[in-house]
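> pasting the sequence and the predicted model now:
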Amino acid sequence: MKKSALLAVPTLALATLTLPATAAHANGAHAAADSMSFHSELAPVNNSTAAGHAVVEVTGQEATVTVDVAGAPALFQGAPYPHAQHIHIGGQGVCAPPTADADGDGAVSSMEGEPWTGGIGASLTTSGDTTPASAVAVDRFPAGDAYSYQRTIPVDAAMVAALQNGTAVVNVHGADPATLSAAAQAKVNPMAPELPLASDIPVACGVLAPAQMPVPEGPADTGVETAGTGSGTNGIVGAAVLGLLALGAAVGLRRRVAGGR
């Protein structure tokens with residue numbers, strides 16, 4: 001074998017070692033760019049006892065939304081209380097503070113809180129439409145004092161941008177009228193005048209933030225692959241290493257033969 005050919009083989013072997021790792025890195029980066037996860041701890045607001053958490057997992061133009069709530073008002077006019085829930089965007093990205101109570105009735109309504117939370121970006125209904133048009137579709141929201149909700153919904157560019165910049169807020173609505181002041185009890189829901197204002201009052205709120213990356217199990221990755229018995233990257237790496245060792249032995253034998261002549 002000519003010297004130039006011998007030198008070419010290690011180069012090819014090293015390329016074999018490098019390509020799988022590069023391809024895996026590229027595939028991982030592509031997956032990370034396409035999938036995003038956000039979470040929020042929902043805290044009581046407006047003197048309620050409701051709390052919970054929400055998770056939004058975005059893939060492409062869809063998002064799987066999970067909301068778990070406990071401690072919300074259980075009944076409304078003798079039936080399970082329907083709790084409207086929304087993702088708000090376009091505001092400051094914070095839950096409305098008590099000082100947002102502009103009319104002084106002791107409760108912060110959705111309208112009063114909008115400068116902080118933003119307007120409705122998605123209505124988290126149990127079926128049908130999920131746009132702002134379904135903001136008060138009380139027959140299509142979870143009901144009762146505790147519930148677990150999960151649904152995959154479409155998301156637009158504005159929603160994705162709000163999630164990425166940390167200004168998306170989850171509001172769960174539906175206060176117990178008995179906990180409101182007399183002034184608030186006398187008012188109606190501005191988006192559905194046939195309903196009392198209590199149905200509009202947020203009872204739990206939280207800001208959606210990027211989820212923490214999971215900590216990998218096992219020893220720290222040193223960047224060194226171990227040879228495996230199966231197929232895949234480890235098998236390719238093992239074969240390349242064995243090829244290099246065999247090549248080294250062949251080169252040494254050729255030198256010894258040449259020296260003995």
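Perfect, thanks for sending it.
> how about R140, what does it touch?
R140 makes contact with T125, T126, S127, G128, S134, according to Cβ atoms under 8 Å, 6 or more residues apart in numbering. For the C-beta atoms, the positions are set from N, CA and C on the backbone; glycine is no exception.
> would you mind measuring the gap between the ends of stretch 40-59?
Between the opening and closing residues of stretch 40-59 lies a distance of 18 Å (Cα to Cα, to the nearest Å).
> list the buried residues for that stretch?
Residues of stretch 40-59 classed as buried: 40, 42, 44-46, 48, 50-58 (neighbour count, 16 or more other Cβ atoms under 10 Å).
> just those: which are in helices?
Filtering these for membership in helices, criterion DSSP state H, returns an empty set.
> now, which of those residues sits nearest D139?
Using Cβ to Cβ, A50 comes nearest to D139 of the buried residues of stretch 40-59, at 20.5 Å.
> domains in the chain, by residue range?
Following the assignment in automatic domain parsing, the chain carries domains at 3-26+227-260, 34-210.
> what's the least confident stretch among those?
Lowest mean pLDDT of the domains of the chain: domain 3-26+227-260, a mean of 43.
> just name the most buried of the domains of the chain.
When these are scored by mean count of other Cβ atoms under 10 Å, the highest mean neighbour count falls to domain 34-210 (a mean of 18).
> how long is that domain from one end to the other?
With Cα to Cα applied, domain 34-210 spans 14 Å between its terminal residues.
> can you check stretch 137-149 too?
Using Cα to Cα, the end-to-end distance of stretch 137-149 comes to 16 Å.
> next structured bit after the helix or strand harbouring G119?
Per DSSP states H and E, G119 falls inside strand 118-123. Toward the C-terminus, strand 118-123 is succeeded by strand 147-154 as the next helix or strand (DSSP H and E).
> so what are the sheet partners of that next one and their directions?
When sheet partners are counted by DSSP bridges, strand 147-154 sits next to strand 62-70 (antiparallel).
> using CSV, list the CA coordinates for the strand it pairs with.
Output for strand 62-70, consisting of C-alpha atoms alone and laid out as CSV, is shown next (Å, rounded to 0.1, in the frame of the first residue of the first chain):
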residue,chain,number,x,y,z
GLU,A,62,-50.3,23.6,18.6
ALA,A,63,-50.0,23.6,22.4
THR,A,64,-51.1,21.0,24.9
VAL,A,65,-52.4,22.8,27.9
THR,A,66,-52.8,21.2,31.3
VAL,A,67,-54.5,23.0,34.2
ASP,A,68,-55.0,21.5,37.7
VAL,A,69,-57.1,23.6,40.2
ALA,A,70,-58.3,23.0,43.7
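> that one to strand 118-123, inter-axis angle?
Between the axes of strand 62-70 and strand 118-123, defined by axes from the mean of the first three to the mean of the last three Cα atoms, to 10 degrees, the angle is 100 degrees.
> run through who's touching strand 62-70.
For strand 62-70, the surrounding residues in contact (Cβ under 8 Å, 6+ apart) are 42, 50-57, 83, 85, 87, 122, 124, 142, 145-155, 159, 170, 172, 204.
> same question for stretch 71-82.
Residues outside stretch 71-82 that contact it (Cβ under 8 Å, 6+ apart) are 44, 48-51, 83, 138-139, 141-147, 172, 174-176, 199, 203-204.
> switch to 7 Å and redo it
Contact with stretch 71-82 is made by 49-51, 83, 138, 141, 143-145, 172, 174-176, 203, as judged by Cβ atoms under 7 Å, 6 or more residues apart in numbering.
> ok, back up a step: for the buried residues of stretch 40-59, which one is nearest G166?
Proximity to G166 was ranked across the buried residues of stretch 40-59 by Cβ to Cβ; first place goes to S40, at 10.6 Å.
> grab the nearest non-local neighbour of the closest one.
The shortest distance from S40 to any residue other than its chain neighbours is 3.5 Å, reached at G206 (Cβ to Cβ, 6 or more residues apart in numbering).
> could you say what helices and strands the one helix or strand that neighbour maps to packs with?
When secondary structure is defined by DSSP H and E, G206 falls within strand 202-207. For strand 202-207, the elements it packs on are strand 35-44, strand 51-59, strand 169-173, judged by 3 or more Cβ pairs under 7 Å, 6 or more residues apart in numbering; DSSP states H and E.
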